[in-house]
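In: A predicted structure for the sequence below; I have some questions about it.
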Amino acid sequence: MKEEIKKLIEKAIKDLQKEKKLPEFQIPNISIFNSKILSYGDYNTDILFKLNKIYNISPEVIVKPLFKKITSSNTYDKFDDVELLNGFINFFIKDEYLQNQLEVILKEKDKFGNLNLEEKVHPVKSAKGGTSLKAKQFNRVNIEFISANPTGPLTLGNGRGGFCGDALANILEKAGYKVSREYYVNDTGNQINKLGHSVIGDAEAVYKGEYINELQKKIKGNNPQDIGEKASKVIFEKMIKPSVKKMGVKFDTWFSEKTLYKNKEVDEAINELSKKGFTYESEGALWFRSKDLGDDKDRVLIRADGIKTYFASDIAYLKNKFKRDFNKLIIFLGADHYGYVARLKAASHALGFGEDSIDAIVMQLVRLFEKGKEVRMSKRSGIYVTIDELIDEVGLDVARFFFLMIGPNTHLNFNLDLAKEKSEKNPVFKVQYAYARICSIIRKSKNFQFSIFNFQSNYNLKLLNEKSELELIKQLIRFPEIVEDIAKDYQVQRLPKYAMELADSFHKFYENCQVISKNKELTKARLSLISATKIVSKNTLDLMGISTPERM
RNA sequence: GCCCCCGUAGUUCAAUGGAUAGAACAUAGGUUUUCUAAACCUAGAAUAGAGGUUCGAUUCCUCUCGAGGGCACCA
């Protein structure tokens, strides 16, 4: 709907420009809002303010002709009213249009909300000022998340990134992108050595916890590197992979850092940077000129002792991803890895891939609180809550909803006791309950020869004219808009919020309208409505990876 | 010291620069002979502080206060 209003306004402005009633100018991005207040319609736009601000077009000049243009086109097959108020244009959707949308939902079913966003990518301006002819398409997306070192169990922080990454991947797929989920396994390097020391239990031990004690029983020896590798394999296979499975996340690729070394890709990457003049030697080490490319300082690729840094393999990894033909990389990072962003973008630029091919989503850390005081979580101290513990305590659905509700920029204060208590009152149940209620009604409706699978277009949907019925349909048609918004700004928390609003609208409808009644026509119309609601609820919950119980 | 992020109701969180700042939990009260009361209805309750930009600021800018993270030839 938002898209249609946008087009309507764009066309009106263009027409006025053709008629010389408006000067030529590039039409800015037109924002369409869901109105918060009934009297302001269903949707509204602030475009008049924008035109005034950007092009200094005084309202007197534009308001009347534009408004006339909008209202004179065949607008009224969709709107009851388009009105001008306080500088906003408010749109009131026609009931009939809403009622007809149910048929669309019932036909598209699980495909309702599918988009083709990659076709809408804007042309890119080149550095010289011209506009490049080939529109840049970010349609093959690689999304990397969790990527925790194989040195210990997955923590709440890993879980947060995991759930958000997985949900975003689902949403991007829904929006029409080809998406690949990837976990980067740092199976070589210094931390493996430290893990070895920890298992041996010598003076250089850094990791602590029950699992280290367990590993000590199984793995014997005194070569830290050797033991570290063995231990990390066990951790990866017996802890991380099962946790990921428990989280309901499926990765397409588990990418091993080691293979980058085996295949000489690290050397190749360094050579390429050197050839292009982005490196120099100093104090016996090889440096990358990241400072020239927007980073705080230059970074070491090969240390004076000949060991390649983690960052060197990171560049090789970056190159590898682009070589696999991905043109958009999304990387979820914990706030403690914030420093990577600038150097990764620098590396991407140096390798000849645009900086805008990489989107780093920095998730703020999860902080653990107990009895009002913060407990510092760290794998090294052995104090942390694992994602397994949380799922065991509250269940997967609650855990997912819990993390998805919170925006990535928010510092999350976590209290396990509160989470347990909250699990019984978690809003996810309100959403699932709505779904179960719908299923229950449909089960009871068998006598009406109604089925979602054979919706008859002769059902009289015009009977759906109660306020709560129309409000519910308005929620339903917002679904594709929500998918689009999230695909663009990655703010995953909009999805659980929408799920709650949808459930809310359904529960209100349920209180006001009896679905199964003696009135057969009305019953069929209302069954159509709740069936459409069932579809959209399921589509929403599926994107979040949350189950849809038919009974509760 | 420099960089990033945050500060919103008693609590946990929302709000692409838009109109009267939303939920949930908690608190106080109400609703069930009708399709599931894990629901619905009602009430109270918030933008850390001071300036600035704007027709309009929770949102952008500056400063102050407060919390967290990052600034390695570690990963």
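Out: Received the coordinates, thanks.

In: Which residue, other than its chain neighbours, is closest to the residue nearest the centre of chain A?
Out: Centroid check for chain A by C-alpha atoms, centre = their mean gives residue A:168 as the closest residue, at 2.7 Å. Closest residue in space to residue A:168, ignoring its immediate chain neighbours: residue A:492 at 5.5 Å, by C-beta to C-beta, 6 or more residues apart in numbering. Where you see a C-beta, it was placed from the backbone N, CA and C, and this is true even at glycine.

In: who are the neighbours in contact with the one you found?
Out: Residue A:492 makes contacts with A:164, A:167, A:168, A:171, A:404, A:407, A:408, A:486, as judged by C-beta atoms under 8 Å, 6 or more residues apart in numbering.

In: Tell me how far the residue nearest to the centre of chain A lies from residue A:414.
Out: Distance from residue A:168 to residue A:414, counting by C-beta to C-beta, to the nearest Å: 21 Å.

In: show me the contacts for the residue nearest to the centre of chain A.
Out: Per C-beta under 8 Å, 6+ apart, neighbours of residue A:168: A:143, A:330, A:361, A:486, A:490, A:492.

In: Give me the subset of those residues that lies in strands.
Out: A:143, A:330, A:361 (DSSP state E).

In: partner residues bridging the second one?
Out: With DSSP bridges as the criterion, the beta-bridge partners of residue A:330 are residue A:143, residue A:359.

In: Give me the number of neighbouring residues for it.
Out: For residue A:330, the tally of surrounding residues (other C-beta atoms under 10 Å) stands at 22.

In: Repeat that for residue A:239.
Out: For residue A:239, the count of nearby residues is 18 (other C-beta under 10 Å).

In: cool, and residue A:202?
Out: 11.

In: check contacts around it.
Out: The contact partners of residue A:202, taken as C-beta under 8 Å, 6+ apart, are residue A:224.

In: Doesn't it belong to a helix?
Out: No. Assigned with DSSP: H, G, I helix; E, B strand; the rest coil, residue A:202 falls outside any helix and is coil.

In: roughly how far apart are the residue nearest to residue A:168 and RNA strand B?
Out: Distance from residue A:492 to RNA strand B, counting by C-beta to the nearest atom of the strand, to the nearest Å: 10 Å.

In: and the contacts of residue A:492 near RNA strand B, which?
Out: The overlap between the contacts of residue A:492 and the neighbours of RNA strand B (C-beta under 7 Å from any atom of the strand) comes to residue A:407.

In: Let me know the closest of the contacts of residue A:168 to residue A:5.
Out: Using C-beta to C-beta, residue A:486 is the member of the contacts of residue A:168 that lies nearest residue A:5, at 19.6 Å.

In: how far away is the closest one from residue A:163?
Out: 14 Å.

In: The two: which has the busier surroundings?
Out: residue A:163 (26 against 23).

In: And the closest residue to that one other than its chain neighbours, which helix or strand is it part of?
Out: Counting by C-beta to C-beta, 6+ apart, residue A:163 lies nearest to residue A:403, which is 4.5 Å off, once chain neighbours are set aside. Per DSSP states H and E: residue A:403 is located in helix A:396-404.

In: who touches that helix?
Out: So helix A:396-404 is contacted by A:159-160, A:163-164, A:167, A:246-248, A:387, A:390-391, A:394, A:419, A:422-423, A:426-428, A:431-432, A:492-493, A:495-496, A:544-547 (C-beta under 8 Å, 6+ apart).

In: Now the element after that helix, going C-ward?
Out: Counting by DSSP H and E, the next helix or strand C-terminal to helix A:396-404 is strand A:412-414.

In: which other helices and strands contact that next one?
Out: Applying 3 or more C-beta pairs under 8 Å, 6 or more residues apart in numbering; DSSP states H and E, one finds that strand A:412-414 makes contact with strand A:366-370.

In: For the strand it packs on, name the packing helices and strands.
Out: helix A:156-174, strand A:373-375, strand A:412-414, helix A:416-423.

In: near RNA strand B at all, that strand?
Out: Yes. If you take C-beta under 7 Å from any atom of the strand as the test, strand A:366-370 does meet RNA strand B, through residue A:367.

In: Can I get that strand as CSV, trimmed to CA atoms?
Out: Coordinates of each C-alpha in strand A:366-370 appear next as CSV, following Å, rounded to 0.1, in the frame of the first residue of the first chain:
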residue,chain,number,x,y,z
VAL,A,366,24.7,-8.6,26.8
ARG,A,367,25.3,-7.7,30.4
LEU,A,368,24.4,-10.1,33.1
PHE,A,369,22.8,-8.8,36.3
GLU,A,370,22.3,-10.7,39.5
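
In: can you give me the helices for the stretch 451-552 of chain A?
Out: A:467-476, A:479-489, A:494-512, A:520-544 (DSSP state H, counting those that start in this stretch).

In: Those into JSON lines, with extra columns for mean pLDDT?
Out: What follows is the helices of the stretch 451-552 of chain A, written out as JSON lines (pLDDT from 0 to 100):
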{"stretch": "helix A:467-476", "mean pLDDT": "94"}
{"stretch": "helix A:479-489", "mean pLDDT": "94"}
{"stretch": "helix A:494-512", "mean pLDDT": "96"}
{"stretch": "helix A:520-544", "mean pLDDT": "94"}
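
In: Residue A:374: which of the ones you listed is closest?
Out: Shortest distance between residue A:374 and these, using C-beta to C-beta, is found for helix A:494-512: 25.9 Å.

In: Could you report the neighbour count for residue A:521?
Out: As a burial measure, residue A:521 scores 12 neighbours (other C-beta under 10 Å).

In: my guess is it meets residue A:462, correct?
Out: No. The criterion here is C-beta atoms under 8 Å, and residue A:521 misses it with residue A:462 at 9.9 Å.

In: ok, the nearest residue to residue A:232 once chain neighbours are set aside - contacts?
Out: Leaving aside its chain neighbours, residue A:232 sits nearest to residue A:150 (4.2 Å; criterion: C-beta to C-beta, 6+ apart). By C-beta under 8 Å, 6+ apart, residue A:150 lies in contact with A:185, A:186, A:187, A:232, A:233, A:235, A:236, A:240.

In: Inside helices: which ones of these?
Out: Those of the contacts of residue A:150 mapping onto helices are A:232, A:233, A:235, per DSSP state H.

In: Which among these count as buried?
Out: Using 16 or more other C-beta atoms under 10 Å as the burial test, the ones in helices among the contacts of residue A:150 include A:232, A:235 as buried.

In: Nearest to RNA strand B among the ones in helices among the contacts of residue A:150?
Out: Nearest to RNA strand B among these, counting by C-beta to the nearest atom of the strand, is residue A:232 at 10.8 Å.

In: can I assume that closest one is in contact with residue A:189?
Out: No. Residue A:232 is not in contact with residue A:189 according to C-beta under 8 Å; the separation is 10.2 Å.

In: Which of the contacts of residue A:492 are buried, as a ChimeraX select command?
Out: In ChimeraX, this line selects whichever of the contacts of residue A:492 come out buried by 16+ other C-beta under 10 Å:
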select /A:164,167,168,171,404,408,486
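
In: of all the contacts of residue A:492, which comes closest to residue A:514?
Out: residue A:404 (33.8 Å).

In: So for the closest one, what's the pLDDT?
Out: Predicted confidence (pLDDT) for residue A:404: 95.

In: ok, back up a step: and the residue nearest to residue A:163, how far is that from residue A:262?
Out: Counting by C-beta to C-beta - residue A:403 and residue A:262 are separated by 35 Å.

In: Also residue A:161?
Out: Using C-beta to C-beta, residue A:161 is found at 28 Å from residue A:262.

In: Now the buried members of the contacts of helix A:396-404.
Out: Buried members of those, counted by 16+ other C-beta under 10 Å: A:159-160, A:163-164, A:167, A:246-248, A:387, A:390-391, A:394, A:419, A:423, A:426-428, A:431-432, A:492-493, A:495-496, A:544-546.
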